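Chemist: need the 3D shape of this:
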Amino acid sequence: MFRRTATVLGLLALCLAGASGFSMSMKIDRRGFVVKTPLAAAGAAAVVSGAAPAFAAKGPKIYKTDGGVEFAVTKEGTGPAAVKGDFVVVDFIGYLSDGKVFDSSTSKGRKPVAFRMGQGQVIKGWEEVLERVNAGSEVQMRVPPAMAFGDDGICVEKDGAKECVVQPGQTVKYQLFVRQIGGAY
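Modeler: Next comes the predicted model:
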């Protein structure tokens with residue numbers, strides 16, 4: 001529970017770091033908790049009050065997919081990686097650029113998401129990353145609009161006005177907990 005909370009706080013700091021990149025640094029204490037350290041980026045004004053910084057200088061490596069999704073594996077899994085046709089089960093927390101949660105399977109009463117790889121049942125950014133990580137992994141990712149919700153965002157028409165949970169053209173961030181990857185059925 002505490003490690004999961006620390007991981008969630010780390011992702012929240014990643015979200016607050018903004019689109020300019022991963023400019024914050026942090027360290028993990030002896031119990032595995034995220035603790036604040038000075039910012040690594042020169043000229044950075046201050047750490048956002050109450051937010052744990054995103055990654056340690058010696059923390060997880062940040063990868064970038066061909067589609068532009070940036071991700072870091074915060075916990076390495078030991079199961080198989082997903083391939084087209086595999087059945088995948090993940091828990092997730094979705095964040096807007098300002099750090100606000102817009103959706104989460106970990107909320108009370110919610111269940112993990114189950115889908116088949118390569119069928120377009122989830123955003124492209126998830127599939128690009130899930131091809132590169134193993135079952136049991138935990139991943140933090142920044143997903144550009146073209147690999148997430150594109151120019152449409154997630155919007156509904158309400159009382160004649162358009163309301164958006166995710167604005168059109170917005171980059172989103174996710175924390176994925178890869179619970180299970182199974183062969184094609």
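Chemist: may I have stretch 139-152 as CSV, with CA atoms only?
Modeler: Taking C-alpha atoms only, stretch 139-152 is exported to CSV below (Å, rounded to 0.1, in the frame of the first residue of the first chain):
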residue,chain,number,x,y,z
VAL,A,139,4.9,2.1,-15.9
GLN,A,140,4.6,5.8,-15.9
MET,A,141,4.0,7.3,-19.3
ARG,A,142,3.3,10.6,-21.1
VAL,A,143,1.1,10.2,-24.1
PRO,A,144,1.0,12.8,-26.9
PRO,A,145,-2.5,13.6,-28.4
ALA,A,146,-1.9,11.5,-31.6
MET,A,147,-1.4,8.4,-29.4
ALA,A,148,-4.2,9.3,-27.0
PHE,A,149,-7.5,11.1,-27.7
GLY,A,150,-6.3,13.3,-30.7
ASP,A,151,-8.1,16.3,-31.9
ASP,A,152,-11.4,15.0,-30.4
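Chemist: could you list the buried residues of that stretch?
Modeler: V139, Q140, M141, R142, V143, P144, P145, M147, A148, F149 (16 or more other CB atoms under 10 Å). Placement of C-beta: from N, CA and C, glycine included.
Chemist: low-confidence stretches in the chain?
Modeler: Along the chain, the parts satisfying pLDDT under 70 run over 1-58, 184-185.
Chemist: do a quick rundown of the strands in it.
Modeler: Using DSSP state E, the strands assigned to the chain run over residues 26-28, 34-36, 62-64, 70-75, 87-95, 101-104, 113-116, 138-143, 154-158, 161-166, 172-182.
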